[in-house]
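J.: I would like the atomic coordinates for the input below:
(2 chains, ligands or ions: 4)
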Amino acid sequence: MPIHEKSLIRKENLVENESLVIDGVDVSGHWSTFITGRSLTDYNDDMQDEIAALPGGENIHRCWQCGSCTNACTVNAVNPEFNPRYWIYLIRLGMEEELLRDKDIIWQCVSCNKCTYACPRDVVPEGVMKATAHWLELKGHTPKSPSTEFDEEFSGQVIKTGKIEESRVIMNFFRRTEQPLAQPWLVALIKGLAFRFPVFYLMRMGMAVVRRPRTRNWAKSRRAINEYVQEVEAANRAAVGAKGGH
Amino acid sequence: MTKPVLIVGGGPAGLSAAHALASAGQKVVLVEKEDRLGGAPILDGYAKLVPSHEWAKDAIGAMVDRVQGREGVDVRLNAQVQSFEGEPGAFTATLKDGTKIEAGSTILTTGFTHFDSVNKPEWGFGTFPDVVTTVQVEQMISSGKGIRCPSDGRVPDRVAILLCVGSRDRQIGREWCSKICCTVSANIAMEIRELSPKTNVYIYYMDIRTFGLYEGDYYWASQEEHKVKYIKARIAEVTSDGKRLLVKGEDTLIKRPVSIPFDMVVHAIGMDPNVDNMTISSVFGVDLNKYGYIAKQSTYAHLAETNRPGVFVAGAATGPETIDDSIAQGQAAAMAALNFKPAGKVAAE
Ligand SMILES: Cc1cc2nc3c(=O)[nH]c(=O)nc-3n(C[C@H](O)[C@H](O)[C@H](O)COP(=O)(O)OP(=O)(O)OC[C@H]3O[C@@H](n4cnc5c(N)ncnc54)[C@H](O)[C@@H]3O)c2cc1C
Ligand code: SF4
Ligand code: SF4
Ligand code: SF4
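T.: Numbering: from 1, shown residues only, chains lettered A, B, ... in the order given. Ligands and ions are numbered 1, 2, ... in the order given. The predicted structure follows:
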């Protein structure tokens, strides 16, 4: 049967056979169009536990679906598809496929915590959003988000040298996220600095970029931090049952 | 009053009225149709009670003990009132075995009847052995046998509790909320999770009515401490795929039909009017309300009065009630019976 209002149906639920003959009748093409069921046929009991095991996700099981978080949400105000209440429900019931439909917007949470202050059950939805974005990355569903890239670059430098060097962080961050270095705002910032900063400081900053100074006796601290980081990362991977790591 | 007060029904409400009257020095005759006192919590083997977490056999058993064998309390088991005649202050009740009892006044504490799930055939009770009621789960727990699927004795991986079975349903003429079953279900869910941590429990609800302080101790605790999951759906039907039960309905929060496999389905059955109420109504000359429970005359001024002077009512006989409210009402009825003066009625008219 031809279906007229196809736009109302999700594309992947429309099935057509290019050539099909039933009881001698040729029903190829749109004559064989049918809509697959949208009935939910199982829950995944583990998904909530996986996300609850990641930092921020601990209280997800408290949610009673009141919608206060979504109503308070900064991002929801501009994009109605951004719906923490709904995602929390999907996770609680283990509806992974549905959640993955929104994987490219979940990370857009701006961590304003308006939801956290609105939530009557102390779910800390902001934390849950963070844990969920993290879970999506660990499971390989999404590439690392820009903020994860930034955090990694930043902490990587600290761990290595005991210091950060801003210009290097920014340069590497742009490279990792494939953004051009000549960002207009950055150019303007540097120009402004060049005009207003005493020459002495500018020289010191320049030297720092070239010489890359380190904190003295850092090796011991680095070892300890690395050990801790590895421990946390292993725990996170174990939480989501993912093999290997980044 | 020299003549005894006749109390009909030995559940929490009747036991509380009997205790109160005996404590005040008033003679009591307690008529119970079953072979034991205690009412539903004892007769049906409830496990731990809401909100005390005490075992029913201990908590209600203690109420039985302080009444049974007590001076001034005459208990008649396996007995029912066949006729009830006379005037306020001088009633005569005739039991089915012919015994006559003189009473100044009477208190009806005849309670409720559990909804029979067979009347909702689409939910699989009576068709599939692993579809059970909250009463059966209470018995699994109180008997110490644990949570097991009746079909093969296995411990279920996944249990669904369906709320409002036999309540809030015009299709079967039951337009009331049974009041206690949300809380009882949350309690049962927590007990299942405690007895068998690997069993996941899902509660299908339309509204959650864990009123008052039950909210924190049952609804919140079941979610926060026991990870019970609540799904907003009124189930359409329970079928089977040959191996497990299939629970079908619409998840109204995501606007999608669901058809989920479960090992065990529990009906949170409601509190029907006592099946004897038509008989009780005609024997005692008391009116029933439009739902079929014994009608109270007034909400405020005369808490325990029926339409017939000298005949009082308390507990789940008047509508779905909790045990503690039934006990309070039993005491209120005892007070009303103690203060009852037949002449007062004439003066009031
Ligand atoms: C599954 C389930 C679990 C529950 N758990 C709890 C809980 O944890 N906490 C709580 O507060 N409440 C609970 N309740 C509610 C509780 O059962 C009632 O509040 C309580 O039983 C009411 O007490 P009652 O004395 O009014 O009536 P009943 O307990 O029904 O007692 C009535 C008595 O009268 C007798 N009787 C009936 N008709 C006659 C007659 N014609 N002649 C003589 N005797 C008669 C009966 O045999 C019975 O002994 C639960 C209810 C259900 C369905
Ligand atoms: S923290 Fe994220 S989810 Fe919460 S209100 Fe802000 S943007 Fe929305
Ligand atoms: S505000 Fe809290 S309880 Fe309400 S839907 Fe959001 S997370 Fe759930
Ligand atoms: S107490 Fe809950 S389960 Fe029972 S009838 Fe009311 S809403 Fe339904």
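
J.: from here on, just use CA atoms for contacts and neighbour counts.
T.: Will do.

J.: the helix or strand where B:Ala336 lies and ligand 1, are they touching?
T.: Using DSSP states H and E, B:Ala336 sits in helix B:323-339. Yes - contact between helix B:323-339 and ligand 1, assessed by Cα under 6 Å from any ligand atom, occurs at B:Ile323, B:Asp324, B:Ser326.

J.: what's the distance between the closest residue to the first one other than its chain neighbours and B:Cys182?
T.: Pointing back at B:Ile323 there. Once flanking residues are discounted, B:Ile323 sits nearest to B:Pro12: 6.4 Å by Cα to Cα, 6 or more residues apart in numbering or on different chains. Between B:Pro12 and B:Cys182 the distance, using Cα to Cα, to the nearest Å, works out to 20 Å.

J.: cool, B:Ile172 as well?
T.: Where B:Cys182 is concerned, B:Ile172 sits at a distance of 20 Å (Cα to Cα).

J.: more neighbours: which of the two?
T.: Higher neighbour count among B:Ile172 and B:Cys182: B:Cys182, with 28 against 11, using other Cα atoms under 10 Å in any protein chain shown.

J.: helices and strands around the helix or strand where B:Asp58 lies, which ones?
T.: For B:Asp58, the host element (DSSP H and E) is helix B:56-65. Helix B:56-65 sits against helix B:12-23, helix B:40-43, with contacts defined as 3 or more Cα pairs under 8 Å, 6 or more residues apart in numbering or on different chains; DSSP states H and E.

J.: now for these, which one comes closest to A:Pro143?
T.: Closest approach to A:Pro143 among these is made by helix B:40-43 (57.8 Å; Cα to Cα).

J.: who does the closest one touch, helix- and strand-wise?
T.: helix B:56-65.

J.: what lies in contact with the helix it packs on?
T.: B:Pro12, B:Leu15, B:Ser16, B:Leu37, B:Gly38, B:Pro41, B:Ile42, B:Gly45, B:Tyr46, B:Ala47, B:Lys48, B:Leu49 (Cα atoms under 8 Å, 6 or more residues apart in numbering or on different chains).

J.: list just the nearest of these to ligand 3.
T.: For the contacts of helix B:56-65, the closest approach to ligand 3 (Cα to the nearest ligand atom) belongs to B:Leu49, at 28.0 Å.

J.: buried ones in the longest helix belonging to chain A?
T.: If each helix of chain A is counted by residues according to DSSP state H, the longest one is helix A:219-240. Using 16 or more other Cα atoms under 10 Å in any protein chain shown as the test for burial, helix A:219-240 gives A:Arg222, A:Asn236, A:Arg237, A:Ala239, A:Val240.

J.: CA atoms of the helix holding B:Ala336 as PDB?
T.: Output of helix B:323-339 as PDB, limited to C-alpha atoms (Å, rounded to 0.1, in the frame of the first residue of the first chain):
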ATOM      1  CA  ILE B 323      -5.100  -0.300  60.000                       C
ATOM      2  CA  ASP B 324      -4.200   2.600  62.100                       C
ATOM      3  CA  ASP B 325      -7.300   4.600  61.000                       C
ATOM      4  CA  SER B 326      -9.400   1.500  61.500                       C
ATOM      5  CA  ILE B 327      -8.100   1.300  65.100                       C
ATOM      6  CA  ALA B 328      -8.800   5.000  65.700                       C
ATOM      7  CA  GLN B 329     -12.300   4.600  64.400                       C
ATOM      8  CA  GLY B 330     -12.800   1.500  66.500                       C
ATOM      9  CA  GLN B 331     -12.000   3.600  69.600                       C
ATOM     10  CA  ALA B 332     -14.300   6.400  68.400                       C
ATOM     11  CA  ALA B 333     -17.100   3.900  68.000                       C
ATOM     12  CA  ALA B 334     -16.400   2.500  71.500                       C
ATOM     13  CA  MET B 335     -16.700   6.000  72.900                       C
ATOM     14  CA  ALA B 336     -20.000   6.500  70.900                       C
ATOM     15  CA  ALA B 337     -21.400   3.200  72.300                       C
ATOM     16  CA  LEU B 338     -20.400   4.000  75.800                       C
ATOM     17  CA  ASN B 339     -22.100   7.400  75.700                       C
END
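
J.: so which of the helices and strands packed on helix B:56-65 gets nearest ligand 4?
T.: The nearest among those, by Cα to the nearest ligand atom, is helix B:40-43 at 16.5 Å.

J.: which residues does that closest one contact?
T.: Contacts of helix B:40-43 (Cα under 8 Å, 6+ apart): B:Gly11, B:Arg36, B:Leu37, B:Tyr46, B:Ala56, B:Lys57, B:Ile60, B:Gly61.
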